[in-house]
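**Student:** pasting a predicted model and its sequence here:
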Amino acid sequence: MIRQPIAYLLLNGSIVILVGLLNGLPLKAAIVKQRENVNAWRVAHSVLVMDGLLMLIVGITVPHLFLDGCAVWVLVWSLIAAGYGFVAAFSLGALKGIRGLTVKPYGLNTVLFAAHLIGAAGSLVGVMIMTYGSLRTFL
């Protein structure tokens, strides 16, 4: 039986991968029609698939890490927040042609900036906890 935190990572990682794969459809259309936003869709497609794979890999390795229950839940929810932050940032950014790398101009760009920030912070926290749990296996 799969433990609940692992199940959350596997389910949400699969959803993030699915969204990344679906971003391949507008990528194909942009390539065929030679639009300017090809790179934005390519980045959205590849980053979301990779982030979802990270979530799946971490979900598989959680039982082998030396972490207490609280650390496991922080690891899980930080990666889930990161995944959906990147889904919003990259998919909506490619759709609207906005990068969201700065706060200004205010509006949708600010929302995308916040989504990027959530994605980056969640990934950083998650990978730091995973590294800590991995290092504890040697001690």
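**Tutor:** It's in. Since we're looking at a predicted model, the values are computed, not measured. Residues are numbered from 1 along each chain as shown.

**Student:** check contacts around Gly119.
**Tutor:** 51, 81-83, 85-86, 89 (Cβ atoms under 8 Å, 6 or more residues apart in numbering). Using the backbone N, CA and C atoms, a C-beta is placed for each residue, glycine as well.

**Student:** name the element it belongs to?
**Tutor:** If you go by DSSP states H and E, Gly119 is part of helix 108-135.

**Student:** which intervals of the protein have sub-threshold pLDDT?
**Tutor:** Low-confidence segments of the chain (pLDDT under 70): 1-2.

**Student:** can we see that at 90?
**Tutor:** 1-5, 24-40, 63-65, 68-69, 93-109, 137-139 (pLDDT under 90).

**Student:** any idea where the helices of it begin and end?
**Tutor:** With DSSP state H, the ranges of helices along the chain come out as 4-22, 24-32, 38-61, 69-86, 93-96, 108-135.

**Student:** Thr102: which of those is closest?
**Tutor:** Closest approach to Thr102 among those is made by helix 108-135 (6.4 Å; Cβ to Cβ).

**Student:** distance of the residue nearest the centre of the chain relative to Val16?
**Tutor:** Nearest to the geometric centre of the chain sits Gly83, at 2.6 Å (Cα atoms, centre = their mean). Distance, Gly83 to Val16, by Cβ to Cβ, to the nearest Å: 4 Å.

**Student:** got it, and Trp73?
**Tutor:** Counting by Cβ to Cβ - Trp73 and Val16 are separated by 19 Å.

**Student:** for Val49, same thing?
**Tutor:** 8 Å.

**Student:** among the two, which residue is more densely surrounded?
**Tutor:** Counted by other Cβ atoms under 10 Å, Val49 and Val16 do not tie: Val16 has more neighbours, with 27 against 18.
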